[in-house]
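[1] What follows is a protein structure lacking sequence information:
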Ligand SMILES: Nc1ncnc2c1ncn2[C@@H]1O[C@H](COP(=O)(O)OP(=O)(O)OP(=O)(O)O)[C@@H](O)[C@H]1O
Ligand SMILES: [Mg+2]
């Protein structure tokens, strides 16, 4: 199953994220792929806002992982970019898919062995200027029924 959204601004991508925060099941994992600057972290910021997390969400490239507990549900944000080619057995698997939370992973290809089978893939492409295409794929995308732009 595949569903595509096109956004025309950072604000629209955030709004998509906000709606995702409300419609995703707890325990869900989103795998965000796309080039540098595609908008992965922007989508995560929207999700954080939708969960009423007030902390500033930064790209965790230099932290690998950050967990936000002060919202409606926990948000686990992982950026695996710097885990390429190094031993990544640092216990991330214990957090990914955390039952009551939502997990989002940027650069998931670097931790392939740790990804849950039922993860939802979101590929973001830069179509020039502020235009982005967000392609969702996964077994069950029914939760997207309520998500509109
Ligand atoms: N429609 C849009 N959706 C999202 N971001 C947009 C859009 N239009 C422009 N932008 C800009 O693109 C940039 C996206 O940056 P962001 O940090 O979200 O990318 P990223 O995919 O996380 O990159 P990285 O791989 O470096 O972590 C921001 O500067 C944002 O303002
Ligand atoms: Mg990022």
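    Yep, that arrived. Since this is a predicted model, take the numbers as computed values, not measurements. Ligands and ions are numbered 1, 2, ... in the order given.

[2] does whatever residue of the chain ends up closest to ligand 2 sit in a helix, a strand or a coil?
    Residue of the chain nearest ligand 2, by C-beta to the ion: residue 41 (3.4 Å). (Each C-beta comes from the backbone N, C-alpha and C, glycine too.) Classification of residue 41 using DSSP: H, G, I helix; E, B strand; the rest coil returns helix.

[3] Residue numbering should commence at 49 henceforth.
    From this message on, residue numbering opens at 49, which makes the last subject residue 89.

[4] Is it in contact with residue 105, as I believe?
    Yes - using C-beta atoms under 8 Å, residue 89 is in contact with residue 105, at 6.9 Å.

[5] just for the chain, where's the confidence low?
    108-109 (pLDDT under 70).

[6] Tell me which residue is most central in it.
    Closest to where the C-alpha atoms of the chain average out (C-alpha atoms, centre = their mean) is residue 152, at 3.5 Å.

[7] and that residue, what does it touch?
    For residue 152, the contacting residues are 77-78, 80, 91-92, 95, 123-126, by C-beta atoms under 8 Å, 6 or more residues apart in numbering.

[8] wait, is it part of a strand?
    Yes - judged by three-state DSSP, residue 152 forms part of a strand.
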